[in-house]
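Chemist: Build me a model:
(one chain, ligands or ions: 1)
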Amino acid sequence: MDGAIGAVFALSEAHRQRVPDLGLADSLTVNPQKLLGIPKSSSLLLLRDPGLLARCFATGLPYMEPSWADAHGGECGLQGTRPAEVLKLWLGLRQLGRSGIDAVLEGAITRRQRLQHLLEPLPLSLQGGPLHLLAFCPEGLDASGADRWSTSTRQRLLEQQLMLSRPLYAGRHHLKAVLGNPHTGEAELERLRSVVEASLP
Ligand SMILES: Cc1ncc(COP(=O)(O)O)c(C=O)c1O
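Modeler: Next up is the predicted model:
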């Protein structure tokens, strides 16, 4: 399961109901750098059966010593020799603590809710969800209209220091705000709303 964006919500008592099905996955990717501000690379692949890694990657090379415990760490991925990447993750999580993680996640959700509130009165089709992302496209545009609108509006937003992505969803390009940046405040959200409002056909 791809939890690159959302799986960190499972770390918070207050927010884990946003990602209720993670427990069903046999494997799960997690990108703590996206919301928790932990330096790259800190991506994780969590497996229900960790033995799968050894079964996929073990080479059986005669000069590799057999493992003394469960899996041979050097044979659990494409890289044999690796830096201690996990140290960044461990230090980042320790530094934030449970209350810090809660605060970061709460801030991201609050920004998405605030932006949603600002955009709801406009004639837009909003694609939300339980996390900190919000995509939108003017109602009534066909595929080529949405392509032109999203390209020119994205440019106007960039000129205002606002960077949105332009995913293709259900056959139409949307603009998507990912509200993880803790420095995004009310002023930026208001600016976003006014650029989008001015862009509407
Ligand atoms: C939904 C999703 N899946 C996967 C990835 C890729 O993650 P990584 O950079 O760790 O390969 C990303 C990264 O942007 C993502 O947003």
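Chemist: any idea how far residue 145 is from residue 138?
Modeler: For residue 138, the distance to residue 145 equals 8 Å [CB to CB, to the nearest Å]. Using the backbone N, CA and C atoms, a C-beta is placed for each residue, glycine as well.
Chemist: Between the two, which is the more surrounded one?
Modeler: Using other CB atoms under 10 Å, the more surrounded residue of residue 138 and residue 145 is residue 138, with 20 against 15.
Chemist: Please verify my assumption that the more buried one contacts residue 123.
Modeler: Yes: contact criterion CB atoms under 8 Å: residue 138 and residue 123 qualify, at 6.4 Å.
Chemist: buried residues in the helix or strand containing residue 55?
Modeler: If you go by DSSP states H and E, residue 55 is part of helix 51-57. Neighbour-count burial for helix 51-57 flags 53, 54, 57 (criterion: 16 or more other CB atoms under 10 Å).
Chemist: what's the offset of that helix from the middle of its chain?
Modeler: Its chain's C-alpha centre and that of helix 51-57 lie 27 Å apart, by CA atoms, centre = their mean, to the nearest Å.
Chemist: before we move on, back to that, overlap of the contact sets of residue 138 and residue 123?
Modeler: residue 200 (CB atoms under 8 Å, 6 or more residues apart in numbering).
Chemist: This structure: strands as residue ranges?
Modeler: 2-3, 27-30, 44-47, 124-127, 133-138, 168-169, 172-173, 175-178 (DSSP state E).
Chemist: what helices or strands is the third one leaning on?
Modeler: If I follow you right, that is strand 44-47. strand 27-30 (3 or more CB pairs under 8 Å, 6 or more residues apart in numbering; DSSP states H and E).
Chemist: what does the strand it packs on contact?
Modeler: Against strand 27-30 from outside (CB under 8 Å, 6+ apart): 1-4, 7-8, 22, 43-48, 52.
Chemist: The same query, at a cut-off of 6 Å, please.
Modeler: Here strand 27-30 makes contact (CB atoms under 6 Å, 6 or more residues apart in numbering) with 1, 2, 3, 4, 7, 44, 45, 46, 47.
Chemist: roughly how far apart are the fourth one and residue 50?
Modeler: Counting by CB to CB, the separation of residue 4 from residue 50 is 20 Å.
Chemist: who in this structure is up against the ligand?
Modeler: Neighbours of the ligand within the chain, by CB under 6 Å from any ligand atom: 2, 4, 5, 31, 43.
Chemist: per-residue confidence for the closest residue to the third one other than its chain neighbours?
Modeler: If I follow you right, that is residue 5. Of all residues not flanking residue 5 in the chain, residue 34 sits nearest, at 5.9 Å (CB to CB, 6 or more residues apart in numbering). If you check residue 34, the pLDDT there is 93.
Chemist: can you check residue 97 too?
Modeler: At residue 97, pLDDT is 97.
Chemist: any weak-confidence spans in this protein?
Modeler: 70-72 (pLDDT under 70).
Chemist: ok, 80 please
Modeler: 60, 64-74, 201 (pLDDT under 80).
Chemist: any idea of the angle the top helix by length along the chain forms with strand 133-138?
Modeler: Using DSSP state H to define each element, the chain has its longest helix at helix 86-119. Helix 86-119 and strand 133-138 are oriented at 40 degrees to each other (axes from the mean of the first three to the mean of the last three CA atoms, to 10 degrees).
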